[in-house]
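[1] Only the shape, not the letters, is given here:
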């Protein structure tokens, strides 16, 4: 299957990069680190335009281009889920001039649903920067007799498999989140697959399904209709659009689940370059215009060090892999 490729180049007026970005770099001399980049950088997005990965890229790359003083080419390479774009990035020269903006599914789901995984993040890529995310919200039909997370858990325990939840497919992030929730809460709810989030919301409003893990924008739409209630965010903190709804952690369920988006580079990129990109991205996501754009699209702004991103991915993989294997989820 031939992948469709779309390119857009962002070139912006150069801004000086603070000398602090160069501190602590290893592997290359300071002079060599300052030479990077000296030509355009390509950022591969393994999905089509307007996908969440693409939205994050287009919200952040213009500012990163200004900071690094080089054009950045965003190249959409969709196909086979996200596999074709990931494989294209893996084949690139490890010099820092090709980056990949991937997400949770590529890191913690796809590798575990195939007998022979089509790529290996651990062997082919190095983490660079955790950029943005959105937490999931547990939404239920407003007629369900539960006004809190614990009340819903009690209801589900009293009626094993009698409640239904909507999902866009077994390997979707929202389904994995529900499996994660069921395991932690000790409940069983029956899965019903739909083509997309809009179909799930419609089914929820009709009462065809009683629950689903929603992205924030969909949950807002459902609540505004008066037919959907939000019980909590899969986080330690409350979602900013639902400040009166306690988080999962506040309600006694220790579950962190979010759909995240970040940059990785082909394995072998010098550490100094990886650290320089990380520092520049941390500067990027502190820019008011970038923060405003990400928040306006429903994302949370992330950030942090290379080591923190690597640890986050390892921890998530360790938690989700046994859940996926136990559920018997298989790739097409």
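    Here it is on my side, so go on. Just so we're clear, the structure is a prediction, and the values are computed from it rather than from any experiment.
[2] What residues does the residue lying closest to residue 228 once chain neighbours are set aside make contact with?
    Distance criterion CB to CB, 6 or more residues apart in numbering; nearest residue to residue 228, sequence neighbours excluded, is residue 222 at 3.0 Å. To be clear about C-beta, it is placed using only N, CA and C from the backbone, and glycine gets the same treatment. Listed by CB atoms under 8 Å, 6 or more residues apart in numbering, the contact partners of residue 222 are 139, 201, 204-205, 214, 228.
[3] so residue 222 sits in a helix?
    Yes - using DSSP: H, G, I helix; E, B strand; the rest coil, the assignment for residue 222 is a helix.
[4] show me where this protein has strands.
    6-10, 41-45, 72-76, 98-103, 125-135, 137-141, 164-167, 190-193, 211-214, 228-233, 258-266, 300-301 (DSSP state E).
[5] who's in contact with residue 229?
    139-142, 144, 147, 223.
[6] which one is residue 90 nearest to, not counting chain neighbours?
    Nearest non-adjacent residue to residue 90 (CB to CB, 6+ apart): residue 124, at 4.3 Å.
[7] So what's the residue count around that neighbour?
    For residue 124, the tally of surrounding residues (other CB atoms under 10 Å) stands at 18.
[8] Compute the distance between it and residue 52, please.
    22 Å (CB to CB, to the nearest Å).
[9] Residue 315 is in contact with residue 107, correct?
    No - assessed by CB atoms under 8 Å, residue 107 is found out of contact with residue 315, at 11.1 Å.
[10] okay, the two: which has more neighbours?
    Taking other CB under 10 Å, residue 107 and residue 315 do not tie; residue 107 has more neighbours (22 against 12).
[11] which residues touch the more buried one?
    If you count contacts by CB under 8 Å, 6+ apart, residue 107 has them with 121, 313, 316-317.
[12] Out of the residues you listed, name the ones that lie in helices.
    121, 313, 316-317 (DSSP state H).
[13] Pipe the contacts of residue 222 into CSV and attach distance to residue 74, pLDDT and neighbour count per row.
    Formatted as CSV, the contacts of residue 222 follow (distance: CB to CB, whole Å; pLDDT from 0 to 100; neighbours: other CB atoms under 10 Å):
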residue, distance to residue 74, pLDDT, neighbour count
139, 32, 97, 27
201, 30, 93, 23
204, 34, 93, 27
205, 36, 92, 17
214, 28, 93, 26
228, 35, 96, 24
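[14] which of the residues you listed sit farthest apart?
    For those, the farthest-apart pair by CB to CB is 205 and 214; their separation is 12.2 Å.
[15] can you list the weak-confidence ranges in this structure?
    1-33, 332 (pLDDT under 70).
[16] Please report how far the most centrally placed residue in it lies from residue 56.
    Centroid check for the chain by CA atoms, centre = their mean gives residue 260 as the closest residue, at 1.9 Å. Computed as CB to CB, the residue 260 to residue 56 distance reads 9 Å.
[17] Mind listing the shared neighbours of these two?
    Joint contacts of residue 260 and residue 56 (CB under 8 Å, 6+ apart) are residue 132.
[18] residue ranges for the helices of the stretch 201-332 of the chain, please.
    216-225, 271-284, 288-296, 306-327 (DSSP state H, counting those that start in this stretch).
[19] next one: the first one to chain centre, how far?
    To tie it back to what came earlier, the one meant is helix 216-225. Taking CA atoms, centre = their mean, to the nearest Å, one finds the center of helix 216-225 at 20 Å from the center of the full chain.
[20] The third one now?
    In this view, helix 288-296 has its centroid 17 Å away from the chain centroid, taken as CA atoms, centre = their mean.
[21] same question, the last one
    Between the centre of helix 306-327 and the centre of its host chain there is 13 Å, according to CA atoms, centre = their mean.
[22] Over to stretch 214-232?
    20 Å.
[23] Kindly report the same for stretch 72-80.
    Going by CA atoms, centre = their mean, where stretch 72-80 is centred and where its chain is centred differ by 17 Å.
[24] where's the closest residue to residue 120 other than its chain neighbours relative to residue 224, distance?
    Excluding the flanking residues, the one nearest residue 120 by CB to CB, 6+ apart is residue 111, at 7.2 Å. From residue 111 across to residue 224, the span is 38 Å (CB to CB).
[25] which one of the two has more residues nearby?
    Comparing residue 111 with residue 224 by other CB under 10 Å, the one with more neighbours is residue 111, at 19 against 9.
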